[in-house]
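Asker: show me the folded form of this:
(3 chains)
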Amino acid sequence: MTEPPFAEENLERREESHLDGNAAAGELRTLFAVDVTAADGQCAGCGRRAVLAEARLYTQAPGLVVRCAGCESVLLRVVTGSGRTWLDLRGLTYLQFATP
Amino acid sequence: MGIVSPGFSGRPRSSRPELPPGQYETRDFPVLSAGPTPRVRPEDWRFTITTETGERTAWDWSAFRALPTQRFTVDLHCVTRWSKFGTSWEGVSLDTLLDDVETAADFALADCYGGYTTNLPLEDLLDGKAWVAFRYDGEDLHPEHGGPARLLVPHLYLWKSAKWVRGITLSHDDQPGFWESVGYHNYGDPWREQRYWDD
Amino acid sequence: MRGRLAWRVATVTALREETATARTLVLKVPGWPGHDAGQHVDVRLTAPDGYTAVRSYSIASSGLAADAELIELTVDRVPDGEVSPYLTQIISVGDPLELRGPLGGWFVWRPTQQEPVQLVAGGSGLVPLMAMLRARADAGSQAPFRLLYSVRRPESILYAGEVDRLGDGNGLAVTYAFTRVAPPGSARPPGRLDAALVAESAWPVDTVPTCYVCGPTPFVEAAADLLIDAGHDPARIRTERFGPTGGTS
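Answerer: The predicted model follows:
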């Protein structure tokens, strides 16, 4: 019998261990004065527009990597160490914020 | 430093004299990845060395597995601070792969299935310092650890040991790879604790 | 909310065992700025040698309680986890806990929303949705809610009984999907969430609900696909993915 894809036993598979942009809120909030995860972004790779909260977040890495849920291109990267933080946004064509 | 959390010690770790500065020993083999795990079937696998003049030397899986291999045991040091001692591998030495490659280049850029890249001086791939490894701990290298084959350069931080490697490009220019372009040290010597730019 | 976010030191004021593996921590956070239902905090643990571990946990309390400096987190113990065993078994009343937040402006429900809401929870994914249900009750909201709660067995149900009490005649309908062991006499045998269950218990598409789906990553992807296949607008589906084992370990 094949296991249903999201039966709890299968959840140990590290291959599916991405989170989403929601979990990047803390790291990004140390850099931005507003919540970036609620912003819409356009992927510089495929042009897809989506809210950053729904992008794929990989945290099991030497830095934070957010990828497009459509094409997996890197949208943004954050590295922190030795008293500095590097932020690379080149994978986003733009970010659109609500600023009421 | 944050306030100490009473009773918290985290995963078991120790400090041994052979640890590079700032590292702790782990008995696990943590899986770190900046993206989805590539799934490459041996029949689709290729490894290509491209020189600074554009000349290519390539192996498919059977040609690669026909090359002489080495079994070796090395220590791994990850920039996220864990070190793992005495890991056993089997792989093809870069000395073997570069044997018939004519180059005057100084720099290498490894590229991988899934898009990861990492750069290092060509010299750091030579003289028994680097392998393309395809077996770990007596078994075929699992995809989550970089299988079918990964680069292994144990004298540098583990991010230089590129998983799912598919090629090396030799060049007169040093081109920063995936992590090197966003804060990680260009060279990455764990013994000099070269984690980030200007360390 | 403006300004950069700093780590604060909270104090554990009470602990409540929810299930055999899950526990609620009641925390006093001086100067807590308030939060919206659905938001989370990052928690940081520090060992004596300076080693740190940071994990995210959803806030379980509504944000509308009388004491504005009290928040609640519900943590499920992840096998072989590093932080959850500490929070569910070691930390004690009176101990400090560093946290930053509130975080996340996307996966939130505010009482000003009046449209129907569909909640879909996988295991400990119920936590932020519980904050929404509590906020709805505290605010006296009449917004109609439905909850689809996927859980392994009856003993795994979080907030025993509270969900049913919140639902009892109050415009909230709750459907359980037991995936391994169903209660005796259940009409539905154990099994994962599927299209049939969505069709019979979720809001019909023409009610145009806002959907919130939370749980382990594979659960969220499958559940969101089921909602989309049923005809719900992807733009009205908000998701929050926990780690592969249902927590960030």
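
Asker: pLDDT below threshold where in chain A?
Answerer: Applying pLDDT under 70 to chain A flags the ranges A:1-16.

Asker: so which residues of it form strands?
Answerer: For chain A, the strands defined by DSSP state E occupy A:19-20, A:40-43, A:49-51, A:56-58, A:64-67, A:74-81, A:84-88, A:92-96.

Asker: quick check: which of those is nearest to chain C?
Answerer: Counting by Cβ to the nearest Cβ, chain C lies closest to strand A:19-20 out of the strands of chain A; the figure is 4.5 Å. Where you see a C-beta, it was placed from the backbone N, CA and C, and this is true even at glycine.

Asker: name the residues that touch that closest one?
Answerer: Here strand A:19-20 makes contact (Cβ atoms under 8 Å, 6 or more residues apart in numbering or on different chains) with A:53-59, C:217, C:239-243, C:248.

Asker: residue contacts, residue C:110?
Answerer: For residue C:110, the contact set (Cβ under 8 Å, 6+ apart) comprises C:36-37, C:135.

Asker: most surrounded residue in those residues?
Answerer: Neighbour counts for the contacts of residue C:110, by other Cβ atoms under 10 Å in any protein chain shown, peak at residue C:37, which reaches 28 neighbours.

Asker: point out the residues in chain B that sit beside chain C.
Answerer: Within chain B, the residues that sit near chain C (Cβ under 8 Å from any Cβ of the partner chain) are B:1-11, B:13, B:24.

Asker: give the ChimeraX command for selecting the buried subset of those.
Answerer: Buried subset of these, written as a ChimeraX selection, criterion 16 or more other Cβ atoms under 10 Å in any protein chain shown:
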select /B:5,8,10,11,13,24
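
Asker: export the residues of chain B next to chain C to a markdown table and append columns for secondary structure, pLDDT and distance to chain A.
Answerer: Listed next are those as a markdown table, based on DSSP: H, G, I helix; E, B strand; the rest coil; pLDDT from 0 to 100; distance: Cβ to the nearest Cβ, whole Å:
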| residue | secondary structure | pLDDT | distance to chain A |
| --- | --- | --- | --- |
| B:1 | coil | 73 | 13 |
| B:2 | coil | 81 | 14 |
| B:3 | coil | 93 | 17 |
| B:4 | coil | 94 | 21 |
| B:5 | coil | 96 | 17 |
| B:6 | coil | 95 | 23 |
| B:7 | coil | 94 | 24 |
| B:8 | coil | 94 | 19 |
| B:9 | coil | 91 | 21 |
| B:10 | coil | 87 | 16 |
| B:11 | coil | 80 | 14 |
| B:13 | coil | 77 | 17 |
| B:24 | strand | 90 | 16 |
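
Asker: how about the residue nearest the centre of chain B, nearest residue that isn't a chain neighbour?
Answerer: The centroid of chain B falls nearest to residue B:161 when counting by Cα atoms, centre = their mean (0.5 Å). Leaving aside its sequence neighbours, residue B:161 sits nearest to residue B:152 (Cβ to Cβ, 6 or more residues apart in numbering or on different chains; 4.8 Å).

Asker: what number of residues lie near that neighbour?
Answerer: Neighbours of residue B:152 using other Cβ under 10 Å come to 27.

Asker: still on that earlier bit, restrict the contacts of strand A:19-20 to those near chain B?
Answerer: Under the cut-off given by Cβ under 8 Å from any Cβ, chain B has residue A:58 from the contacts of strand A:19-20 close to it.

Asker: just the buried ones from the contacts of strand A:19-20?
Answerer: By 16+ other Cβ under 10 Å, the contacts of strand A:19-20 give A:53-59, C:217, C:239-243, C:248 as buried.

Asker: list of residues touching the worst-scoring helix or strand of chain C on mean pLDDT?
Answerer: Across the helices and strands of chain C, mean pLDDT, DSSP states H and E gives its lowest value to helix C:162-167, namely a mean of 90. The contact list for helix C:162-167, computed with Cβ under 8 Å, 6+ apart, reads C:126, C:130, C:133-134, C:136-137, C:147, C:149, C:157, C:172-174.

Asker: and for stretch C:186-193?
Answerer: Stretch C:186-193 has contacts (Cβ under 8 Å, 6+ apart) with A:4, A:6-7, C:120, C:122, C:148, C:150, C:177-182, C:197, C:219, C:222-223, C:226.

Asker: can you mark which positions in that stretch are buried?
Answerer: For stretch C:186-193, by 16+ other Cβ under 10 Å, it's C:191-193.

Asker: kindly report the same for stretch B:183-191.
Answerer: By neighbour count on 16+ other Cβ under 10 Å, the buried set for stretch B:183-191 is B:183-190.

Asker: can you tell me which of those is nearest residue C:233?
Answerer: residue B:183 (39.4 Å; Cβ to Cβ).

Asker: residues in contact with that closest one?
Answerer: Going by Cβ under 8 Å, 6+ apart, residue B:183 touches A:63, A:79-81, A:84-86, B:196-197.

Asker: apply 7 Å and report the result again.
Answerer: By Cβ atoms under 7 Å, 6 or more residues apart in numbering or on different chains, the contact set of residue B:183 is A:79, A:81, A:84, A:86, B:196-197.

Asker: cool, and residue C:120?
Answerer: By Cβ under 7 Å, 6+ apart, residue C:120 lies in contact with C:148, C:211, C:213, C:223.

Asker: go on, residue A:35?
Answerer: Contacts of residue A:35 (Cβ under 7 Å, 6+ apart): A:25, A:29, C:104-105.

Asker: so how far is residue B:192 from the spatially most central residue of chain A?
Answerer: The centroid of chain A falls nearest to residue A:66 when counting by Cα atoms, centre = their mean (2.9 Å). Distance from residue A:66 to residue B:192, counting by Cβ to Cβ, to the nearest Å: 31 Å.

Asker: is chain A within reach of the longest strand seen in chain B?
Answerer: Longest strand in chain B, counting residues (DSSP E): strand B:82-93. No. Remark: strand B:82-93 sits outside contact range of chain A, by Cβ under 7 Å from any Cβ of the partner chain, the gap being at least 11.2 Å.

Asker: mean confidence for that strand?
Answerer: Mean per-residue pLDDT for strand B:82-93: 96.

Asker: roughly how far apart are the closest residue to chain A within chain B and residue B:1?
Answerer: The nearest approach of chain B to chain A comes at residue B:183, 3.5 Å away (Cβ to the nearest Cβ). Going from residue B:183 to residue B:1 by Cβ to Cβ gives 21 Å.

Asker: mind checking how far stretch A:67-79 is from the chain centre?
Answerer: Averaging C-alpha positions (Cα atoms, centre = their mean, to the nearest Å) puts stretch A:67-79 6 Å from its chain's average.

Asker: ok, now stretch B:158-170?
Answerer: Put simply, stretch B:158-170 sits 6 Å off its chain's centre (Cα atoms, centre = their mean).

Asker: kindly export that stretch (C-alpha atoms) in CSV.
Answerer: Only the C-alpha atoms of stretch B:158-170 are listed here, as CSV (Å, rounded to 0.1, in the frame of the first residue of the first chain):
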residue,chain,number,x,y,z
LEU,B,158,31.6,22.1,3.8
TRP,B,159,29.7,24.6,1.7
LYS,B,160,32.6,24.3,-0.8
SER,B,161,31.9,20.5,-1.0
ALA,B,162,29.2,21.1,-3.6
LYS,B,163,26.4,18.6,-3.6
TRP,B,164,25.0,17.3,-6.9
VAL,B,165,28.1,18.6,-8.7
ARG,B,166,27.8,18.4,-12.4
GLY,B,167,30.8,20.4,-13.6
ILE,B,168,33.8,22.5,-12.9
THR,B,169,34.7,25.5,-15.0
LEU,B,170,38.3,26.7,-14.9
